[in-house]
Structure formats: C-alpha cells, structure tokens
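>>> Using only what follows, build the 3D model:
(chains A and B)
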Amino acid sequence: MSTTPVIVERLNLKYGDFHAVKDLSFEVRPGELYALLGTNGAGKTSTLETIEGHRTPTSGTVRVFGHSPADRTTVRPRMGIMLQESGFSPDLTVRESVGLIGTLTKRTDDVDRVIDIVDLTRKAGTKVGQLSGGEKRRLDFATAVYGTPELIFLDEPTTGLDIQSRDHLWNAVDRLRENGSTVVLTTHYLEEAQQRADRIGLMHQGVFHREGTVTELTRALPAVIGFTLVAPAPALPLQAAVATDGSVRVETFELQKDLHVLLAWAQDNALELRDLTAGPTRLDDVFRAIES
Amino acid sequence: MFAIARTELIQIFRNRLVLVTSFIIPVAISAYFIYQHEVFTQLGSLGYIAAIVMFTVGAFGLYTSTVTTLASRRQNLFLKRLRSTAESDAGILAGLVLPATVVAIVQVVGILAVLGAVVGGPDNVLLLVVAVIATVAMMIGLALATAGVTNSPEHAQVTTLPVSLGVIAVASWVGITGTEELAQVKRILPGGAATELVLNAWNGGVALSDSLILLAPTFAWVVVAVSFATRMFRWEPRR
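Numbers count the residues shown, from 1 in each chain, chains lettered A, B, ... in the order given. The predicted structure follows:
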C-alpha cells in the first residue's frame, strides 16, 4: 500500500458549466508541508475538499495513503481536517466539542492536552457560541490535531488570529512535523507559506501554474533594485527603466553583483540613490506575474 | 453514533426553546386530551385520543424538532464538521435523530400509560406498539425528506407546517369519522393507516389480519420519504 500521503492525478471539478479545477496533478510527500496557494477562486478549497473527501471529482483520481478519500473509515483516522469555516454547535462547550470530534476521528488523545495546545484551557467550559472568531479558529485547529494525525489539512488556519495566536499555532505545527506529520496548507498570507512550506503549488483559475520550492519558484523572476536619482547623472552602468520623475527600476538575476556595481557607480559619481531598495524575488512577485 | 447522540441530548436540554416547543407543549396538549377524555371519546373514541396524542408528539416532538435540528446543524456547518471525521453518514444521521426519537417514544409510552390508567388499557398492546413504531419510522422518514428542502431553523417553521398539521388533521379526520366512508383515500394519506391501526389496537373489534394490512401504507410512506430524502438531503448549505 502506498505511503505517499496524497496523490492527485488529472483532477477535474465542475460545478454545472463552471470548470473549477482543470487537469490538476501533484503529490504530497511524507513529512513535508505542502502549500496550495492561489488567487481568489483559483480552486484551492475545491481541490482541498476533494482530497479530504468532501467532494467527488468530475474526473481524475485522488489517493490518500493509497485509498480513495471516500473510504472514510480507513482514511479519516489518519487525517486531521481544519475547515476554512468553523462548524461547531454553539450550545456545546469547548471541551465537549473537542471530545466529540476527537472521539469520532477514532484517534485517542487527552482532550485537556489538546485544548492546552491551542491555549483555550481557560475557556474549556465555555460554550462555543460565546467564543470569539479567533478562539473558534483555535478550536478548529485543536480538533484537527487531536490524536496527532499523520496528515493534516489546514485551510486558511491563521485567518482571524492575532499575531500571538498565529505564532502559537505555527509552533504547534512545527511540533507535529517533528513527530512526522505531513501538512497540506492553503493560506492568503504568502509570507507564512514562504517561511514554512517545503513545496508550493500555485493555482490560478483552476489551473496549476507552477510548483516547487520557494527558491525554484522565485528564481524564474528577476529581483528588483529601486531608487530615485535627485540630480543629473551619467549613464547608468546597468540596463534599467527610468521614469520621468527620476525613479529607477533595475531587474536582475544577480542581485548582489549588480547592487555592488550600482553602489560603486554612485560612489564614483558622488550620487545619492534616494529611497534605495533591493531584495530577492518574493512569492508576491510570482503571484503578480501569474495574474498578469 | 452514540457520541453524537449524547451531545445532541445535552443540546436539547440546554436549549430551552427547543425543550418547550418540541417536548413540553406536546405533553401539555396530550394532558389536555386525557383530562377532557370524556368529551373526545364522545367525539371519536378512546382510540382517537390515543392516536391524536401519538401524532401530536410525533409531529412536534419528533418531526419538527428533527427537521429543525438537521437544518440548524447544516446551516452552522456542524454536519460538514461531523463528515470530516471517520463516522459514516448513516451513523451521523442516526446520532442526530436518536435523542429526539427516544424522547418521543418515552413521551408516547408515558402518555398512553397515563391514558390507560385513567380510562382503561388498550385491547391489543402489541398491535399498539407496532403502530407506534411504524408511526415513529414514518415521521423520521418525513423529517429527513423535509430537511432536504429546509435551509435554516427559521425556514423549518414554514416547511414543517404541511406535514405536522397534515398528519394531525388526517388523524382527527380518521379518528372522528372512521373509515367506513372513503376508506382507501384515508388510508393512503400520511398518518391515515397508522391512525386506523391505533384505533383498532385500542378499541378492538377488528381482526388482527385486517389491522396488519394497514402497516403497508404506513411503511410505503417511509419508503417514499427516505427515497426523497436520499435525493434531496444536503450536508452543506447551498451557496
């Protein structure tokens, strides 16, 4: 039986005439954090929910640990799911909610330990209806990680969380990964994916545009050096786009070398490079490139 | 299944509105029927009182509360959450429906026991038990079907009216007028055959074989309702 946590092959999803996901293929390897990123309506959640077993593919195959995700009794005890929107009964307490969902996952754990992971111990006896949005997200996370599942789906896990809670959550994810858990993540916070993902799949309008590590994704685009010239200057030593207001934009695949050239040129000509910025290509830039 | 049922029971007792409208009011109405049993016996028969209290509990304590519960759990995505676990769909539904079903059966048994103590017991207890079970099965089937077309607990106040008022009206019609006229029409209406079964079980005077035939239309309604529910039931809100 396959040990690969997730294999998706030529997945297509249609809602009536709308083709939400088109010929998507990828796999998630054991122990990695795989981030599925995309623009709004890219098909991320549809894809995720198909892998989780909430949706049936129009065509193509999805395998979770070698099984169909529809085989709930086999697959679900090995996976934890944090949905994009929390779905709890408002009349149950935090402890009752974690206990119920935990029991139904068929995994074993200590309810109070799990509640403590998400820092909700003080609220253990509070009804879910009285929790804030951020607290509900943490409760959601608690039910996903109950029993330390082998595969965890986190759909926008930090939306609505304050910085402290985000750090808390990511620390918990780090500990789960140390124990060997595989994580599939979707998020709108690109910096989180940039910092944490081993590999990233970028979706746009239902199609997979790029896949790889952050380095692989960003090295296809040039880094940018930007500054403004406040006085007349001799010819620039590099190819650059100069605007009428004096702002200059240099695109380069050799950031350090070209920055050095530029600074030396400014030094030699006693020029001020006002508002100088230079940085490696970020996921944001890759995103914008895809959208355009 | 039982973990879900346990938390559902907790929620029933924590939600005063559900407790009053679905469980206390049916008992109060039934108590009134028993208190005024002489009036209602003159109007129909003792069997009519048994039938009407059974359908009052079945319609409000079981059917309406089940539809409302399922719509509510779907609206706040609790059904989706439960489907994110290893529990089967059948186990989830059974867990959600079980507490209201058990409470309704306990209510019906309790009320009919009081009725029996006040006016004398039924002619055929076993047949009465069969009638109650058949009616409960029919009301659950109708509840699952109705939940498929109910978007929210508020919407349930409207969508449950045709069936809940309908079965009580049919029970009253059959209970008061009997089945000497329009027998086939009365028997194929939801609750008609079950009412006649209760009348026969309580009042007596009808051959057992003639009574058992009445189970067919009742279970036919279960089949119709469940097949409708299979097509119409949704686990997530419509987007």
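
>>> Any idea how many residues pack against residue A:16?
Neighbours of residue A:16 under the rule other Cβ atoms under 10 Å in any protein chain shown: 5. Glycine gets a C-beta too; all of them are placed from N, C-alpha and C.

>>> same question but for residue B:32, I mixed them up
Residues contacting residue B:32 under the criterion other Cβ under 10 Å number 13.

>>> Which positions in the helix or strand harbouring it come out as buried?
Assigned by DSSP states H and E, residue B:32 belongs to helix B:25-35. Neighbour-count burial for helix B:25-35 flags B:26, B:27, B:29, B:30, B:33, B:34 (criterion: 16 or more other Cβ atoms under 10 Å in any protein chain shown).

>>> Tell me which residues touch the nearest residue to the fourth one once chain neighbours are set aside, please.
This means residue B:30. Computed as Cβ to Cβ, 6 or more residues apart in numbering or on different chains, the closest residue to residue B:30 that is not its neighbour in sequence is residue B:53, at 4.0 Å. For residue B:53, the contact set (Cβ atoms under 8 Å, 6 or more residues apart in numbering or on different chains) comprises B:29, B:30, B:33, B:34, B:108, B:111, B:112, B:115.

>>> related to what we said a few turns ago, nearest to residue B:96 among the buried residues of helix B:25-35?
residue B:26 (19.6 Å; Cβ to Cβ).

>>> Against residue B:107, how distant is that closest one?
Noted for residue B:26: a distance of 7 Å to residue B:107, by Cβ to Cβ, to the nearest Å.

>>> Which strand or helix spans residue A:192?
Counting by DSSP H and E, residue A:192 is part of helix A:190-196.

>>> who's in contact with residue 37?
Assuming you mean chain A. Counting by Cβ under 8 Å, 6+ apart, residue A:37 touches A:44, A:186, A:187, A:190, A:193, A:200, A:201, A:202, A:203, A:283, A:287.

>>> Chain B was what I was after
By Cβ under 8 Å, 6+ apart, the contact set of residue B:37 is B:46, B:49, B:115, B:118, B:119.

>>> Over to residue B:136. Which of the three states is it?
Secondary structure for residue B:136, judged by DSSP: H, G, I helix; E, B strand; the rest coil, is helix.

>>> what about it, neighbour count?
Neighbours around residue B:136, by other Cβ under 10 Å: 21.

>>> still on that earlier bit, just the closest of the contacts of residue B:53 to residue A:106, please.
Using Cβ to Cβ, these come closest to residue A:106 at residue B:108, 35.1 Å.

>>> who's in contact with the one helix or strand in chain B whose mean pLDDT sits lowest?
One helix or strand of chain B scores below all others by mean pLDDT, DSSP states H and E: helix B:16-18, with a mean of 81. Helix B:16-18 has contacts (Cβ under 8 Å, 6+ apart) with B:11, B:12, B:65, B:68, B:69.

>>> Give me the buried stretch members for that helix, please.
In terms of neighbour count (16+ other Cβ under 10 Å), helix B:16-18 has its buried residues at residue B:18.

>>> For burial, what's the neighbour tally of residue 15?
Chain wasn't specified; assuming chain A. 12.

>>> Can you look at chain B instead?
Using other Cβ under 10 Å, residue B:15 is surrounded by 16 other residues.

>>> again, but for residue A:159
Per other Cβ under 10 Å, the neighbour tally for residue A:159 reads 15.

>>> That one belongs to a strand?
No. Read with three-state DSSP, residue A:159 is coil and lies in no strand.

>>> tell me which residues in stretch A:252-272 are buried?
In stretch A:252-272, counting by 16+ other Cβ under 10 Å, buried: A:252, A:255, A:258, A:259, A:261, A:262, A:265, A:266, A:271.

>>> What is the most widely separated pair among those?
By the measure Cβ to Cβ, A:255 and A:271 form the most distant pair in these, at 19.9 Å.

>>> was I right about residue B:119 contacting residue B:47?
No. Between residue B:119 and residue B:47 there is no contact under Cβ atoms under 8 Å: 10.6 Å.

>>> chain center to the helix or strand of chain A with the lowest mean pLDDT, what's the gap?
When the helices and strands of chain A are scored by mean pLDDT, DSSP H and E, helix A:283-291 comes last with a mean of 80. Distance, stretch centre to chain centre, for helix A:283-291: 15 Å (Cα atoms, centre = their mean, to the nearest Å).

>>> hmm, back to that, and which of the buried residues of helix B:25-35 is nearest to residue B:221?
residue B:26 (20.7 Å).

>>> Now do the helix holding residue B:32, average pLDDT.
The average pLDDT within helix B:25-35 is 91.

>>> pLDDT score assigned to the residue minimising distance to the centre of chain B?
In chain B, the residue lying closest to the centroid (Cα atoms, centre = their mean) is residue B:58, at 2.5 Å. Looking at residue B:58, its pLDDT reads 94.

>>> List the buried residues for the helix holding residue A:192?
A:190, A:192, A:193, A:194, A:196.

>>> Over to stretch B:215-228?
By neighbour count with 16+ other Cβ under 10 Å, stretch B:215-228 contains the buried residues B:215, B:217, B:218, B:221, B:222, B:225, B:226, B:228.

>>> Looking at these, which are in helices?
Counted as lying in helices by DSSP state H, out of the buried residues of stretch B:215-228, are B:215, B:217, B:218, B:221, B:222, B:225, B:226, B:228.

>>> in what helix or strand does the closest residue in space to the last one that isn't next to it in sequence lie?
Across the structure, with Cβ to Cβ, 6+ apart as the measure, the residue nearest residue B:228 apart from its sequence neighbours is residue B:145 (4.2 Å). Assigned by DSSP H and E, residue B:145 falls within helix B:125-148.

>>> Please save the CA atoms from that helix in PDB.
Output of helix B:125-148 as PDB, limited to C-alpha atoms (Å, rounded to 0.1, in the frame of the first residue of the first chain):
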ATOM      1  CA  VAL B 125     -51.000  -3.700  23.400                       C
ATOM      2  CA  LEU B 126     -48.700  -5.500  20.900                       C
ATOM      3  CA  LEU B 127     -50.600  -4.000  18.000                       C
ATOM      4  CA  LEU B 128     -50.400  -0.600  19.600                       C
ATOM      5  CA  VAL B 129     -46.600  -1.000  20.000                       C
ATOM      6  CA  VAL B 130     -46.400  -1.900  16.300                       C
ATOM      7  CA  ALA B 131     -48.500   1.200  15.400                       C
ATOM      8  CA  VAL B 132     -46.300   3.500  17.500                       C
ATOM      9  CA  ILE B 133     -43.100   2.100  15.900                       C
ATOM     10  CA  ALA B 134     -44.500   2.400  12.400                       C
ATOM     11  CA  THR B 135     -45.600   6.000  13.100                       C
ATOM     12  CA  VAL B 136     -42.200   6.900  14.500                       C
ATOM     13  CA  ALA B 137     -40.400   5.400  11.400                       C
ATOM     14  CA  MET B 138     -42.800   7.400   9.100                       C
ATOM     15  CA  MET B 139     -42.200  10.700  11.000                       C
ATOM     16  CA  ILE B 140     -38.400  10.200  10.900                       C
ATOM     17  CA  GLY B 141     -38.500   9.500   7.200                       C
ATOM     18  CA  LEU B 142     -40.700  12.500   6.500                       C
ATOM     19  CA  ALA B 143     -38.300  14.600   8.700                       C
ATOM     20  CA  LEU B 144     -35.300  13.600   6.700                       C
ATOM     21  CA  ALA B 145     -37.100  14.400   3.500                       C
ATOM     22  CA  THR B 146     -38.300  17.800   4.700                       C
ATOM     23  CA  ALA B 147     -34.800  18.600   6.000                       C
ATOM     24  CA  GLY B 148     -33.700  18.300   2.400                       C
END
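
>>> helices or strands next to that helix in the packing?
helix B:46-56, helix B:65-75, helix B:89-119, helix B:161-177, helix B:192-203, helix B:208-212, helix B:215-232 (3 or more Cβ pairs under 8 Å, 6 or more residues apart in numbering or on different chains; DSSP states H and E).
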